[in-house]
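> sequence first, predicted coordinates after that:
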Amino acid sequence: MESIKIFAPATVANLSCGYDAMGLALEALGDEMLFTKTNTKGVRISKIYGADLPYEADKNVAGVVAKLLLDDAKVDFGLDIEIWKNFKPGSGLGSSAASGAGAAFAVNQLLGSKYSKLELTKFAMQGEVAACGSAIADNVAACIYGGFVLVRSYDPLDIVSIPTPSDLAVTIIHPQIEIKTEDARKVVPDSIPIKTAVSQWANVGGLISGLYSSNYDLIGASIQDFVVEPQRKLLIPKFDDVKKAALESGALGAGISGSGPSIFALSKGDATAKQVAETMDLVYASTGIDYNIYVSHISKNGTRVL
Ligand code: HSE
C-alpha cells in the first residue's frame, strides 16, 4: 500500500463523571487525512485545510505521532501528510486526538497492521503530550477503538470498550471560542473531599451500568460532575442556560465535552436529540458568539479507511 486516506472521528471525553477516564467517538464529525509514502525519509506536512496548525512535523500532532511509529518500526521510507480539519482545535471535541489517533491508525495500515489498538493508543497519547503537555488517553482511545471507552488504568494502560444502546444520540454545541486544554486543566482541583469522590465514582458506576443495561434513566441520572464542571463551566458562556434548556427539552443528561467549550447532551432517540439542538440554538442565538451544532450517533468504528 502506497497511500491511505482516513477519517478520524471527533470525540467527547469525560462524559461528566469520568474525567480523563471515559470517552466516546462521534459518527457525524471528524477529520480526514491522506498519508502517502515517500522515498525521502522523514515526515512532511504538505497541506492543512480548515485550521491554522504548524507545518513543521515535529510541532504538528499528526507529524509527531507518525514519526514515532516510523522510527519505532525502523522503516526506510518517509511520509507526506495532507490534513483536512473539519472542527477547530480548542473545541473540546478531541481535535488533537483525531490528529494523533488518525496518524497512528494510518501509519499502522501502511506498516501492514504491525501494532495493536492498545499500542496505537500509547503512540497517540504522545501526540496529546505534544498538544497539551499531558498523556491523556480518553479522547485518543475513543478515536482508535470507536464506541464508548473506559480508560480503566493508565499504568499499565488498560482500555475497556463499553456497549451503548443503539438509540443513544448525542447533541453538541460548539461555541467558536478556543479553550486550550492545558489552560482548562489548570482549573481542575488538585484534591477533592472524600464525600465528593464518593458521589463521583458512584456516578461512573451508574453510567457504565446504565450503558450495559440500556437503562436510559440511569444513564441520565449518572451524567453529573461534582469535580471539574463547577470550575470549568465558568470558562463557557451560557453553560448553565444551555444545560438547563437541553434537560428541559428531554435530554437525559448534559455537560462539558472534554475540556470545553463544547457542551454535549445525550438523548434517547434522534427526535429528542434534534429538539435539544433547537433549544441549544435558541440559547446561543443572542450571544453574538458564532457556534456550530451537531447531532450524531456514537461511531461504532472509530478511525477508519475512506
Ligand atoms: N480529559 C481531558 C480533559 C480531555 O478534560 O482535560 C481533553 O483532552
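It's in. Numbering: from 1, shown residues only.

> and the strand of greatest length in the chain, C-alpha only, in CSV?
Assignment by DSSP state E gives strand 22-38 as the longest strand of the chain. The C-alpha trace of strand 22-38 is given here as CSV (Å, rounded to 0.1, in the frame of the first residue of the first chain):
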residue,chain,number,x,y,z
MET,A,22,-14.2,7.9,29.7
GLY,A,23,-14.8,8.9,26.1
LEU,A,24,-17.0,8.3,23.1
ALA,A,25,-16.5,8.7,19.3
LEU,A,26,-18.9,10.6,17.1
GLU,A,27,-20.2,9.4,13.8
ALA,A,28,-21.1,12.7,12.2
LEU,A,29,-17.9,14.8,12.7
GLY,A,30,-14.2,14.2,12.2
ASP,A,31,-11.1,15.0,10.3
GLU,A,32,-9.8,13.5,7.1
MET,A,33,-6.1,12.8,6.4
LEU,A,34,-4.1,11.5,3.4
PHE,A,35,-0.8,9.7,4.1
THR,A,36,1.5,8.9,1.2
LYS,A,37,4.8,7.0,1.3
THR,A,38,7.8,8.9,0.0
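
> what average pLDDT does it get?
For strand 22-38, mean pLDDT rounds to 97.

> which elements pack onto it?
Strand 22-38 is packed against strand 3-13, strand 78-84, helix 95-110, helix 138-145, strand 148-154, strand 168-175, strand 291-297, with contacts defined by 3 or more Cβ pairs under 8 Å, 6 or more residues apart in numbering; DSSP states H and E. For glycine as for every other residue, the C-beta is placed from the backbone atoms N, C-alpha and C.

> got the contact list for stretch 264-282?
With Cβ atoms under 8 Å, 6 or more residues apart in numbering as the test, stretch 264-282 has contacts from 12, 15, 165, 167-173, 216, 219-220, 223, 242-243, 245-257, 263, 293-295.

> if we can go back for a sec, downstream neighbour of the longest strand of the chain in the secondary structure list?
Per DSSP states H and E, the first helix or strand lying C-terminal to strand 22-38 is strand 43-49.

> check the helices and strands packed on strand 22-38 for me and report the most buried one.
Highest mean neighbour count among these (mean count of other Cβ atoms under 10 Å): helix 138-145, with a mean of 32.

> so does that helix get close to the ligand?
Yes - between helix 138-145 and the ligand, judged by Cβ under 6 Å from any ligand atom, the touching residues are 138, 139.

> cool, stretch 187-195 as well?
No - figure legend: stretch 187-195 not in contact with the ligand (Cβ under 6 Å from any ligand atom); closest approach 7.2 Å.

> first-to-last residue distance for that stretch?
Distance between the two ends of stretch 187-195: 20 Å, counting by Cα to Cα, to the nearest Å.

> buried residues of that stretch, list them for me.
Buried positions in stretch 187-195, judged by neighbour count with 16 or more other Cβ atoms under 10 Å: none.

> cool, and stretch 261-277?
The neighbour-count check on stretch 261-277 (16+ other Cβ under 10 Å) flags 261-268, 272-273, 275-277 as buried.

> so how far is the ligand from residue 224?
The spacing between residue 224 and the ligand, counted by Cβ to the nearest ligand atom, to the nearest Å, is 16 Å.

> and if you look at residue 273?
Distance of residue 273 to the ligand, computed by Cβ to the nearest ligand atom: 22 Å.

> and that residue, what's its pLDDT?
98.

> and the residue of the chain most remote from its centre, how close does it get to residue 299?
Distance from the C-alpha centroid of the chain peaks at residue 39, with 33.4 Å (Cα atoms, centre = their mean). Residue 39 sits at a distance of 35 Å from residue 299 (criterion: Cβ to Cβ, to the nearest Å).

> ok so, going back, now render the helices and strands packed on strand 22-38 as TSV, adding mean pLDDT.
Shown next, in TSV, are the helices and strands packed on strand 22-38 (pLDDT from 0 to 100):
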stretch	mean pLDDT
strand 3-13	98
strand 78-84	98
helix 95-110	98
helix 138-145	98
strand 148-154	98
strand 168-175	98
strand 291-297	98
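
> which stretch among those comes nearest residue 229?
Closest to residue 229 of the helices and strands packed on strand 22-38, according to Cβ to Cβ: strand 3-13, at 13.1 Å.
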